[in-house]
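> 3D model of this:
(chains A and B)
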There are 2 protein chains.
Amino acid sequence: MAKIVAKFGGTSVADVARIERAADKIKREVDLGHKVAVVVSAMSGVTNALIEHCSDIYSLYDASEYDSVVSSGEQVTAGLMAIALQKRGISARSWLGWQVPIICSELHGRARILEIDPTELNKRLDDNEVAVLAGFQGITHAGRIATLGRGGSDTTAVALAAALGADRCDIYTDVEGVFTTDPRIVPAASKLNAISYEEMLEMASSGAKVLQTRSVEMAFKREVPVQVLSSFGDKIGSELPGTMVVKEDETMEEHVVNGITYSRDDAKITLLNLKDIPGVAAKVFGPLSEANVNVDMIVQDISTDGKLTDMTFTVPRSDVNRAKEALSKADDLKGAKIVSSTDVAKISVVGIGMRSHAGVAQQMFAALADKGINIQVISTSEIKISVLIAEEYTELAVRTLHSVYGLENIA
Amino acid sequence: MAKIVAKFGGTSVADVARIERAADKIKREVDLGHKVAVVVSAMSGVTNALIEHCSDIYSLYDASEYDSVVSSGEQVTAGLMAIALQKRGISARSWLGWQVPIICSELHGRARILEIDPTELNKRLDDNEVAVLAGFQGITHAGRIATLGRGGSDTTAVALAAALGADRCDIYTDVEGVFTTDPRIVPAASKLNAISYEEMLEMASSGAKVLQTRSVEMAFKREVPVQVLSSFGDKIGSELPGTMVVKEDETMEEHVVNGITYSRDDAKITLLNLKDIPGVAAKVFGPLSEANVNVDMIVQDISTDGKLTDMTFTVPRSDVNRAKEALSKADDLKGAKIVSSTDVAKISVVGIGMRSHAGVAQQMFAALADKGINIQVISTSEIKISVLIAEEYTELAVRTLHSVYGLENIA
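Alright, predicted model coming up:
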């Protein structure tokens, strides 16, 4: 008998019929003797419609009022799910963020969960009552509703699983699990049975959209076993049909590389003719930090004459104009020329095996060169290599690398 | 400078454009120096859609989950209204039932307000912040959301006005005020400038739909001056364009009759051949009370032979089958024949002047007889006379009585 948190995303509770199908799955878990807490998102489209109402009235809407408005979407699903479970003879009740309570930071619209008091919920789970939590929301110390930002229901689910001491957190979604790459680009992409937190984190932050980065961070920190699985098939979480995201030593499969990700959300900025003096990097990144622009990949050319140098880096594509404005206003950068391009894609190769296998980067560079794909910037971490290339080569690069590392049908 | 509660019903906040128009009206009140608390309903159609979701899943839905689901409609409007006011440079914030808090009884779906703590709201009104309350909802001692039943936002507004010690409660709606009768039947019906609580209560409970009976009861008990006015015109509450519902001695106009109402929500039940013994009424109404059926008008024929009698009464049309079933099962009524009809209408004449003017009833009976309208049952209170007639005569009876009492264009 296990304690399980089951999270159903927007497409999995899109309408009344899908809420009923999700309730069927929960009933099967309950019938197996498991204690279940459910976390639900808003029904498909509801959140966007509510956001549109706010924007229609006032583009500079108050984030705390916005939170009160949009959090109602999850409130509706939670009540409907409780009713659907009761219809199936299961004792169940809904819980809103303020009822648990889920205490959040005051940063409305992208609050962080500070604390979940599990006492009452655990008592009721022990009494075989299913708890249905509205995801994405909590309450601030000031008593206002706060939301966690897009994908926040994943974070609610993982945080709840940690607080309850659950055995597993099942994230029901519209895909069957975590794949070696996007199956829309590589139809032979393999579903992984397990992946480590570190790899999932690198994949999520480099373009894989299956889980929110923050929820993976929290699962990693609190060691919550997370399963990504589809709500559309007949399987339930306890049959382990999805991908388990777990500690490194629990992933049984040993591949050097586990995933190829891509992102078209970056832009490249190059500063030409920078004075090559100590502290030049601080002079570039100081103004960007002040403008709240995150810098990702960075490369600095080696100065040939010791006087002038070039520097290239990437920023989120949506921030490129703000970044250029901040740089052009910086006194210390007078004389430097600013060039930018949004015609780039970031391709990443992720795998824990890289730590112990040499040659992974070399294999990547050679394969891309072989296809005539020029690498503009490189960045690496212990378990990831990312390269920036021209956007038009995205699919070709992903397909090439997926094949080079032998990721077809590996599961 | 006055303290005002302004309530906007569903049609007055039907969409984003109408929320903005309501916010314009509130701004004009604020600009006049008034302190304003706003109570809002859900946007038109939202509540019905949410109720439908609950029923679609399970017709025997849990009332506490239903309340959590449907109360979200007012939550959305409250946040949007706060944003619309902020856009107009007005300091404003939304308040949900649990945030105030508005403490309610545990009777989910039709809870009663037990207590509103006005301290924080009054402090903020004094700081010139507009409070926007989600109507229709409160929180139970158990910490669950409860709703007040249909039209409950009127009750929220009046209860809030009482708790805040407001000078006036403006109920913005889709009509210009309280009319002498339904203008769809009598186009020359007059808008009343003022009406007493007692008359409003009799009119609301006998078919006038402009205010919920419970909100009038509360206004009466707490002596809250209530104004019914239209949100569609250009006028605001402080210009007193609507109908004031106030204490009897504050109504300046002196008409013997102030209103003609009608109701098609009743059914007539006749019991024939009842044994005419002491306690026969208890034997009839006991089973109905147990079946939770309210009886309204009652008439018992005088027994001619001292042995058998007939009894006629009305019940809500929706309860007629339940009532007949309860009666047919009662052992004490064996031998009596049960006859029912839903082809009836109740026409009522309401006016405080009846207390001091004789002949009002006689005038009513004569006028109806003159048109060939047969009266089936009569019931009276101190300030109301109701008659039951065949439904097909409804409009004719209303027009005739409206004219007999001279109610055209009296304002």
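> from here on, just use CA atoms for contacts and neighbour counts.
OK.
> for chain A, which spans come out with low pLDDT?
By pLDDT under 70, the low-scoring segments of chain A are A:252-253, A:303-304, A:411.
> for chain B, what's its nearest residue on the stretch 101-250 of chain A.
Distances between the stretch 101-250 of chain A and chain B by Cα to the nearest Cα are smallest at A:Gly143, namely 7.2 Å.
> now the strands for the stretch 151-300 of chain A?
A:168-173, A:194-196, A:226-230, A:243-246, A:259-263, A:266-275, A:298-300 (DSSP state E, counting those that start in this stretch).
> next, format the ones you listed as JSON lines and append mean neighbour count.
Formatted as JSON lines, the strands of the stretch 151-300 of chain A follow (neighbours: other Cα atoms under 10 Å in any protein chain shown):
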{"stretch": "strand A:168-173", "mean neighbour count": "26"}
{"stretch": "strand A:194-196", "mean neighbour count": "24"}
{"stretch": "strand A:226-230", "mean neighbour count": "26"}
{"stretch": "strand A:243-246", "mean neighbour count": "25"}
{"stretch": "strand A:259-263", "mean neighbour count": "25"}
{"stretch": "strand A:266-275", "mean neighbour count": "21"}
{"stretch": "strand A:298-300", "mean neighbour count": "15"}
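> got the domain ranges for chain A?
Per the record, chain A has its domains at A:3-249, A:254-411, by automatic domain parsing.
> what's the most buried one of these?
Counting by mean count of other Cα atoms under 10 Å in any protein chain shown, domain A:3-249 has the highest mean neighbour count of these, with a mean of 21.
> that older thread, indicate which one of the domains of chain A is closest to B:Asn258.
domain A:3-249 (42.1 Å; Cα to Cα).
> got the CA positions of the strand or helix carrying A:Ser340 in CSV?
With secondary structure defined by DSSP states H and E, A:Ser340 is part of strand A:337-341. Taking Å, rounded to 0.1, in the frame of the first residue of the first chain, the C-alpha atoms of strand A:337-341 are listed here in CSV:
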residue,chain,number,x,y,z
LYS,A,337,29.6,47.5,-31.7
ILE,A,338,26.4,45.5,-30.8
VAL,A,339,25.2,42.9,-33.3
SER,A,340,22.3,40.5,-32.6
SER,A,341,20.6,37.6,-34.2
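> so what strands line up beside it?
strand A:266-275 (antiparallel) (DSSP bridges).
> for the strand it pairs with, the distance to its chain's centre please.
The chain centre lies 28 Å from the centre of strand A:266-275; the measure is Cα atoms, centre = their mean, to the nearest Å.
> just say helix, strand or coil for the closest residue to A:Val186 other than its chain neighbours.
Excluding the flanking residues, the one nearest A:Val186 by Cα to Cα, 6 or more residues apart in numbering or on different chains is A:Arg399, at 6.1 Å. Under DSSP: H, G, I helix; E, B strand; the rest coil, A:Arg399 falls in the helix class.
> which ones are touching the closest residue in space to A:Ser231 that isn't next to it in sequence?
The shortest distance from A:Ser231 to any non-neighbouring residue, by Cα to Cα, 6+ apart, is to A:Tyr172 (5.1 Å). Residues near A:Tyr172 by Cα atoms under 8 Å, 6 or more residues apart in numbering or on different chains: A:6-9, A:12, A:228-231.
> next SSE downstream of the host helix or strand of A:Leu125?
Assigned by DSSP H and E, A:Leu125 belongs to helix A:119-126. Later in the chain than helix A:119-126, the nearest helix or strand by DSSP H and E is strand A:130-134.
> just the CA atoms of that following strand, as CSV, please.
Taking Å, rounded to 0.1, in the frame of the first residue of the first chain, the C-alpha atoms of strand A:130-134 are listed here in CSV:
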residue,chain,number,x,y,z
VAL,A,130,-9.0,11.3,-1.1
ALA,A,131,-7.7,14.9,-1.0
VAL,A,132,-8.2,16.9,-4.2
LEU,A,133,-6.0,20.0,-4.3
ALA,A,134,-6.4,22.9,-6.5
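> can you list the strands that that strand pairs with?
Strand pairing for strand A:130-134, determined by DSSP bridges: strand A:35-40 (parallel), strand A:92-95 (parallel).
> for B:Gly242, which of these is the nearest?
Among the strands paired with strand A:130-134, strand A:92-95 sits nearest to B:Gly242 (Cα to Cα), with 42.2 Å.
> list of residues touching that closest one?
Taking Cα under 8 Å, 6+ apart as the rule, strand A:92-95 contacts A:78-79, A:81-83, A:85-86, A:129-134, B:65.
> close to chain B: what parts of the stretch 1-150 of chain A are there?
Residues of the stretch 1-150 of chain A lying near chain B by Cα under 8 Å from any Cα of the partner chain: A:16, A:20, A:50, A:53-54, A:56-58, A:61-62, A:65-66, A:68-70, A:72-73, A:75-80, A:82-84, A:87, A:93-94, A:99, A:143-144.
> among those, which are located in helices?
Those of these mapping onto helices are A:16, A:20, A:50, A:53-54, A:56-57, A:65-66, A:68-70, A:72-73, A:75-80, A:82-84, A:87, per DSSP state H.
> quote the end-to-end distance of stretch A:59-76.
Terminal residues of stretch A:59-76 lie 25 Å apart, using Cα to Cα, to the nearest Å.
> oh, I was asking about stretch A:379-393
End-to-end distance for stretch A:379-393, by Cα to Cα: 18 Å.
> same thing with stretch A:131-146?
20 Å.
> equivalent analysis for stretch A:134-143, please.
17 Å.
> same question, stretch A:57-65
Stretch A:57-65 has an end-to-end distance of 12 Å (criterion: Cα to Cα).
> swap in stretch A:339-354?
34 Å.
> state the distance from the residue nearest the centre of chain A to A:Val228.
In chain A, the C-alpha nearest the mean C-alpha coordinate belongs to A:Gln212, at 2.1 Å (Cα atoms, centre = their mean). Distance, A:Gln212 to A:Val228, using Cα to Cα: 12 Å.
> find the residues that touch each one of these two.
Counting by Cα under 8 Å, 6+ apart, A:Gln212 and A:Val228 have no shared contacts at all.
> now do the same contact list for A:Asp182.
A:189, A:208, A:261.
> between those residues, which is closest to B:Ala336?
A:Ala208 (77.1 Å).
> ramachandran angles for the closest one?
Dihedral pair for A:Ala208: phi -70, psi 130, per degrees, to the nearest 10.
> next one: it from B:Pro316, what distance?
Using Cα to Cα, we find A:Ala208 at a distance of 61 Å from B:Pro316.
> check A:Thr119 too.
Separation of A:Thr119 from B:Pro316 (Cα to Cα) stands at 47 Å.
> what residues are up against A:Lys87?
A:Lys87 makes contacts with B:57-58, B:61, as judged by Cα under 8 Å, 6+ apart.
> near chain A, from the residues you listed?
Filtered for proximity to chain A (Cα under 8 Å from any Cα), the contacts of A:Lys87 shrink to B:57-58, B:61.
> just put those in TSV and tack on distance to B:Asp265.
Output for those, formatted as TSV (distance: Cα to Cα, whole Å):
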residue	distance to B:Asp265
B:Ile57	29
B:Tyr58	27
B:Tyr61	26
